[in-house]
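Student: any chance you could fold what I've pasted below:
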Amino acid sequence: MTGISAGVDEAVRRLRDGMARGVLSFPLTSFRDDGGLDLESYRSYLTDRLATAPGAVFPACGTGEFFSLDEDEYRAVVETTVEVADGRLPVVAGIGYGWAQALRFARIAQDAGADAALLLPHYLVTAPQDGLVEQVRRIAAGTRLPLIAYQRGQVAFTADGLRRIAEIPGVVGLKDGHSDLDRLQRLTLAAPEDFLFFNGAATAEIQARAYATVGVPAYSSAVHAFAPEIANTFFAALRDGDDAGVTRLLREFYIPLVELRDRVPGYAVSLVKAAARLRGLPVGPVRAPLTDPGPDDLADLEKVLDHGLSLVGAVRRPA
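Tutor: The predicted structure follows:
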């Protein structure tokens, strides 16, 4: 076994262990009011997040506003995440755009000490399967980091495409954001047995039970970015088969949150950051082209958040 393949195997093992242990955390990136990166606030915020025992941490991804970071800021965010994580859990850094730029980010993440990379959907164009596979192949060939492909938007793999990327050395998993369970079941059946799958739907808890039925129990949690108590309570209820607890959290917190999220484009990130600020977390505003919520939406968000926090004790069963 080569050093590279041994590193990939170890990353897969750690990710699989983390997926079974807790939610996948996608932290926010802290900015100052003037839009500059606030690295010390990010360090404080991230330290608080990791104290709540997520299964893995994914810095500089969608929730972390990867699309607004320059390369120096990206390097600082990933380096800080690796430092704070200190080997306790896997660090999977977001990379993206076209393959050449994605590879630049991959090499930065590799040098910063990340354990793996999440390949975000490429920019703008719709491409055939051959092109999607070649994109992944070129990036995997240029980095030692294990890669997880993210299909969402214009990126959607067929079963044959999935088989082809799974054969590429270093490609270890797929995050799905399409929520097409028929397609996803075909992909899981086409993949090698040790291939990793993640539920990456927006507010993934909404569809967590459905994803689990096709063999994809692991999911990313944006709620963990501002209310790990709620996210961890939901995870435990789902893991333990507490259907009543899962249903109550969905009905009384997650569905109202999604209805609020759907009011304005970009609220999938903006509301998460606003909720974190409501809890006194040092994350600052979003960067353009996103916009922060207005007063009416903030008031509604505070009600949803307060009620969600009140459910934690009600749903959590005695040990």
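Student: buried sites along stretch 39-55?
Tutor: For stretch 39-55, a neighbour-count test (16 or more other CB atoms under 10 Å) marks 41, 42, 43, 44, 45, 46, 49, 50, 54, 55 as buried. Every residue, glycine included, has its C-beta placed from N, CA and C.
Student: can you give me the helices in the stretch 151-300 of the chain?
Tutor: 159-166, 181-190, 208-213, 228-239, 243-249, 255-261, 267-278, 295-315 (DSSP state H, counting those that start in this stretch).
Student: which of the buried residues of stretch 39-55 sits closest to residue 125?
Tutor: residue 42 (32.1 Å; CB to CB).
Student: and residue 190, how far is that from residue 213?
Tutor: Distance of residue 190 to residue 213, computed by CB to CB, to the nearest Å: 18 Å.
Student: what do you get for residue 265?
Tutor: Remark: distance between residue 265 and residue 213 (CB to CB) = 30 Å.
Student: now the strands for the protein?
Tutor: Counting by DSSP state E, one finds strands in the chain at the ranges 24-25, 56-57, 92-95, 116-119, 147-151, 171-176, 196-199, 220-221.
Student: rewinding a little: Throw the buried residues of stretch 39-55 into TSV and include distance to residue 183 and pLDDT, thanks.
Tutor: Conversion of the buried residues of stretch 39-55 to TSV gives the following (distance: CB to CB, whole Å; pLDDT from 0 to 100):
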residue	distance to residue 183	pLDDT
41	40	98
42	36	98
43	40	98
44	41	98
45	36	98
46	34	98
49	32	96
50	34	97
54	28	97
55	25	96
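Student: mind checking which of these land in helices?
Tutor: 41, 42, 43, 44, 45, 46, 49, 50 (DSSP state H).
Student: and the gap between the fourth one and residue 27?
Tutor: Computed with CB to CB, the distance linking residue 44 and residue 27 is 12 Å.
Student: do the second one as well
Tutor: When distances are taken as CB to CB, residue 42 and residue 27 turn out to be 8 Å apart.
Student: same check on the last one?
Tutor: In this structure, residue 50 and residue 27 are separated by 9 Å, where distance is defined by CB to CB.
Student: need the overlap of contacts for those two.
Tutor: Here residue 50 and residue 27 share the contacting residues residue 57, scored by CB atoms under 8 Å, 6 or more residues apart in numbering.
Student: does residue 230 touch residue 250 like I think?
Tutor: No: under the contact definition of CB atoms under 8 Å, residue 230 does not touch residue 250, with a separation of 11.4 Å.
Student: the more surrounded of the two?
Tutor: Ranked by neighbour count (other CB atoms under 10 Å), residue 230 and residue 250 place residue 230 first, with 24 against 19.
Student: got a list of what that one touches?
Tutor: Residue 230 sits next to 223, 249, 253, 308, 309, 311, 312 when contact means CB under 8 Å, 6+ apart.
Student: report the buried members of those residues.
Tutor: Of all the contacts of residue 230 considered here, the ones buried according to neighbour count by 16+ other CB under 10 Å are 223, 249, 253, 308, 311, 312.
Student: would you turn those residues into TSV with pLDDT?
Tutor: As requested, the buried ones among the contacts of residue 230 are exported to TSV (pLDDT from 0 to 100):
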residue	pLDDT
223	97
249	98
253	98
308	98
311	97
312	96
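Student: which one of those sits closest to residue 197?
Tutor: Checking these one by one against residue 197 (CB to CB), the nearest turns out to be residue 223, at 20.5 Å.
Student: separation between that closest one and residue 204?
Tutor: Using CB to CB, residue 223 is found at 9 Å from residue 204.
Student: do residue 262 as well
Tutor: Residue 262 sits at a distance of 15 Å from residue 204 (criterion: CB to CB).
Student: among the two, which residue is more densely surrounded?
Tutor: When neighbours are counted by other CB under 10 Å, residue 262 and residue 204 differ, and residue 204 comes out ahead with 25 against 12.
Student: and that one, what pLDDT?
Tutor: pLDDT, residue 204: 96.
Student: which residue packs closest to it, ignoring adjacent ones?
Tutor: With CB to CB, 6 or more residues apart in numbering as the criterion, residue 204 has its nearest non-adjacent residue at 3.9 Å, and that residue is residue 219.
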